[in-house]
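Visitor: Predicted model follows, preceded by the sequence.
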Amino acid sequence: MIDRVVKKLDAMGYIKNSADDWAIKYAYDRSYNFIKAETNLKKIPRELETVFIDLIAAEFLDYKRINDGEKEIKQIQEGDINIVYADNNLSDINKFISTTRDRAKKELLSYRRLRW
């Protein structure tokens with residue numbers, strides 16, 4: 001499963017390095033627990049594997065975004081000081097994260113079980 005997550009990240013333009021192993025495992029555990037909590041299932045069904053992979057990628061990118069610091073200031077100019085950060089890639093990452101989480105919640109609804 002981790003290999004498929006790495007391929008997903010690679011397809012999105014993120015190149016994994018050896019320091020990312022822990023963060024990917026953390027994102028895996030967090031996504032796994034999220035799906036189990038949302039559905040009340042003991043195992044994740046095969047039909048939800050793509051949702052699971054997308055959630056892991058989103059959690060990983062969110063973790064990296066938070067720890068690397070958000071740099072999305074577009075422009076501040078005062079006197080001789082000029083700060084222009086704006087990284088369009090960060091906006092795309094934020095869209096991917098929010099879209100993936102919203103879509104996952106909708107797809108998980110059909111797998112939800114009641115707990116007695």
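Guide: Sure thing, it's come through. Note that the coordinates shown come from a computational prediction; the quantities given were computed from them, not determined experimentally.
Visitor: all contacts plus neighbour counts: C-alpha atoms, from now on.
Guide: Fine.
Visitor: Could you list the buried residues of the strand or helix carrying residue 30?
Guide: Element membership for residue 30 (DSSP states H and E) is helix 21-39. When neighbours are counted by 16 or more other C-alpha atoms under 10 Å, the buried residues of helix 21-39 are found to be 23-24, 26-28, 31-32, 35, 39.
Visitor: Next: stretch 56-64.
Guide: Buried residues in stretch 56-64, counted by 16+ other C-alpha under 10 Å: 56-63.
Visitor: what does it contact?
Guide: 5, 8-9, 23-24, 26-28, 30-31, 93-94, 96-97, 100-101 (C-alpha atoms under 8 Å, 6 or more residues apart in numbering).
Visitor: just the strands in the protein please.
Guide: 76-78, 81-83 (DSSP state E).
Visitor: among these, which gets the worst mean confidence?
Guide: Here the lowest mean pLDDT among the strands of the chain goes to strand 76-78, at a mean of 54.
Visitor: With distance to residue 113 added, can I get the buried residues of helix 21-39 in a markdown table?
Guide: Below are these laid out as a markdown table (distance: C-alpha to C-alpha, whole Å):
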| residue | distance to residue 113 |
| --- | --- |
| 23 | 30 |
| 24 | 28 |
| 26 | 25 |
| 27 | 24 |
| 28 | 22 |
| 31 | 18 |
| 32 | 16 |
| 35 | 12 |
| 39 | 6 |
